[in-house]
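*Asks:* With the input below, show me the fold.
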Amino acid sequence: MIPYGRQDITDDDVAAVEAVLRSDFLTQGPAVPRFEAAVARATGAAHGVAANSATSALHIACLALGLGAGDLMWTTPITFVATANVGALCGAEVDFVDIDPESFNMDPAALEAKLDAAAAAGRLPKLVIPVHMCGRSADMARIGAACRRHGVRVIEDASHAIGGRHAGAPVGAGVWSDITVFSFHPVKIVTTAEGGVAVTQDEGLAAAMERLRSHGVTRDPALMQGASEGPWYYQQLELGLNYRMTEMQAALGLSQMERLGAYVARRNDLADRYDAALVDLPVDLPGRGGQTLSAFHLYVIRVDPTRRRAIFEALRAAGIGVNVHYIPVHLQPFWRARGFAPGDFPVAEAYYARAISIPLYAGLSEADQDRVVAAIASAVTEAA
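*Replies:* Next comes the predicted model:
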């Protein structure tokens with residue numbers, strides 16, 4: 001089976017993790033700060049805060065921005081459920097903005113209209129979380145400007161997009177947002193096995209996220225209420241969680257970050273090959289934004305919705321590990337119970353009805369990619 005995504009682990013990666021296992025620190029040692037600094041450098045951010053997953057990083061990012069009970073948070077329906085879940089975990093009311101049919105990202109025109117209507121109704125969200133679907137940045141210049149006009153904070157869910165660029169800036173540079181979050185799950189561009197990093201230009205937000213990932217505790221006397229009682233002393237300043245990343249994860253990520261540019265370049269080369277090989281088949285290919293360099297976490301084709309299941313099953317039977325990213329969040333039972341229904345976000349639902357993610361990862365050989373193309377050609381011909 002050729003999977004839709006797969007990690008690339010080298011001898012250097014193994015050696016980096018082994019070195020940590022033989023060291024004095026398995027957690028809260030020097031590897032995590034070095035990994036945070038590497039991610040910050042690569043993205044142009046001033047600060048990086050690592051967590052044990054991207055979901056955890058999104059959660060503490062929301063908390064650091066003050067999201068809580070009675071607040072509103074908006075995101076896109078085409079994402080993994082974690083993006084919406086963190087809002088609910090903060091006690092906020094979650095809503096969605098439909099997608100642009102070409103980029104699969106939050107539609108800036110729909111966002112602008114929804115923000116204007118919310119302002120008129122006195123029901124603006126505290127926070128908007130656009131998602132960089134498949135590794136292609138959302139139109140952050142327009143999204144960021146719309147949110148700034150209304151005093152709304154922005155977190156970029158860039159779980160798919162480390163190494164990408166938009167309008168001349170690296171994803172994560174914080175030009176149009178307060179915080180950006182990256183994922184390091186095994187199928188992502190770079191892996192720490194599980195893990196996430198939140199980057200920001202704001203020192204205060206970074207400090208808040210560092211506390212929140214570690215129980216809300218500080219050892220900094222300058223932040224304490226009253227005087228420190230000694231070098232052992234700490235205080236809990238707020239309600240936090242244990243979302244810390246291990247040294248082993250950080251060591252793996254630090255080793256992998258050295259290949260970030262090569263990984264993104266390889267994924268784009270493979271995407272170019274798919275574009276050329278699939279152009280004459282009855283499938284729609286991903287859009288390629290002129291101002292955007294996609295990190296190409298995913299390559300999504302769209303097929304006739306009446307034949308999508310048949311094509312999907314034929315590809316699986318041929319040993320091609322295709323998948324679907326994603327089922328619209330508002331159609332999940334948890335969110336339907338909160339008032340959402342089919343038809344609420346029609347562009348997202350139309351995208352879902354047609355989408356198939358085909359294999360794309362740095363280690364995909366051209367021979368295996370040719371197998372994928374041949375299998376797609378066969379499947380769509382048989383389905384037709």
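*Asks:* distance of the residue nearest to the spatial centre of the chain from Val152?
*Replies:* Nearest to the geometric centre of the chain sits Ser159, at 1.7 Å (C-alpha atoms, centre = their mean). Distance, Ser159 to Val152, by C-beta to C-beta, to the nearest Å: 21 Å. (C-beta placed from N, C-alpha, C; glycine too.)
*Asks:* coming back round to it: what's near enough to touch the residue nearest to the centre of the chain?
*Replies:* Ala54, Phe80, Val131, His132, Val181, Phe182, Ser183, His185, Lys188, Gly196, His297 (C-beta atoms under 8 Å, 6 or more residues apart in numbering).
*Asks:* can you count the residues close to the first one?
*Replies:* When counting by other C-beta atoms under 10 Å, one arrives at 27 neighbours for Ala54.
*Asks:* residues contacting the closest residue to Pro3 other than its chain neighbours?
*Replies:* Leaving aside its sequence neighbours, Pro3 sits nearest to Gly321 (C-beta to C-beta, 6 or more residues apart in numbering; 4.1 Å). Contacts for Gly321 (C-beta under 8 Å, 6+ apart) come out as Met1, Ile2, Pro3, Tyr4, Pro359.
*Asks:* Can you report how many residues lie near the third one?
*Replies:* When you say that, I think you mean Pro3. 14.
*Asks:* do the first one as well
*Replies:* Applying the criterion other C-beta under 10 Å, we find 9 residues in the vicinity of Met1.
*Asks:* can you check Gly339 too?
*Replies:* Neighbours of Gly339 using other C-beta under 10 Å come to 10.
*Asks:* Quickly find the element holding it.
*Replies:* Using DSSP states H and E, Gly339 is not contained in any helix or strand.
*Asks:* where's it relative to Ala227, distance?
*Replies:* 51 Å.
*Asks:* so how far is whichever strand or helix holds Met209 from its chain's centroid?
*Replies:* According to DSSP H and E, Met209 maps onto helix 203-212. How far helix 203-212 lies from its chain's middle: 20 Å, per C-alpha atoms, centre = their mean, to the nearest Å.
*Asks:* What are the contacting residues of that helix?
*Replies:* Outside helix 203-212, the residues touching it (C-beta under 8 Å, 6+ apart) are 46-49, 57, 60-61, 63-65, 178-179, 198, 200, 217-218, 237-238, 240-241, 243.
*Asks:* Please apply the same query to stretch 305-318.
*Replies:* So stretch 305-318 is in contact with 303, 322, 324, 350, 353-356, 358, 375-376, 378-380, 382-384, going by C-beta under 8 Å, 6+ apart.
*Asks:* Is it possible to mark the buried ones in the residues you listed?
*Replies:* Val303, Val322, Ala350, Arg354, Ala355, Ile356, Ile358, Ala375, Ile376, Ala379, Val380, Ala383 (16 or more other C-beta atoms under 10 Å).
*Asks:* I'd like those laid out as TSV, including secondary structure, pLDDT and distance to Val264.
*Replies:* Output for those, formatted as TSV (DSSP: H, G, I helix; E, B strand; the rest coil; pLDDT from 0 to 100; distance: C-beta to C-beta, whole Å):
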residue	secondary structure	pLDDT	distance to Val264
Val303	coil	98	27
Val322	coil	98	22
Ala350	helix	98	29
Arg354	helix	98	26
Ala355	strand	98	22
Ile356	strand	98	23
Ile358	strand	98	18
Ala375	helix	98	26
Ile376	helix	98	24
Ala379	helix	98	29
Val380	helix	97	29
Ala383	helix	88	33
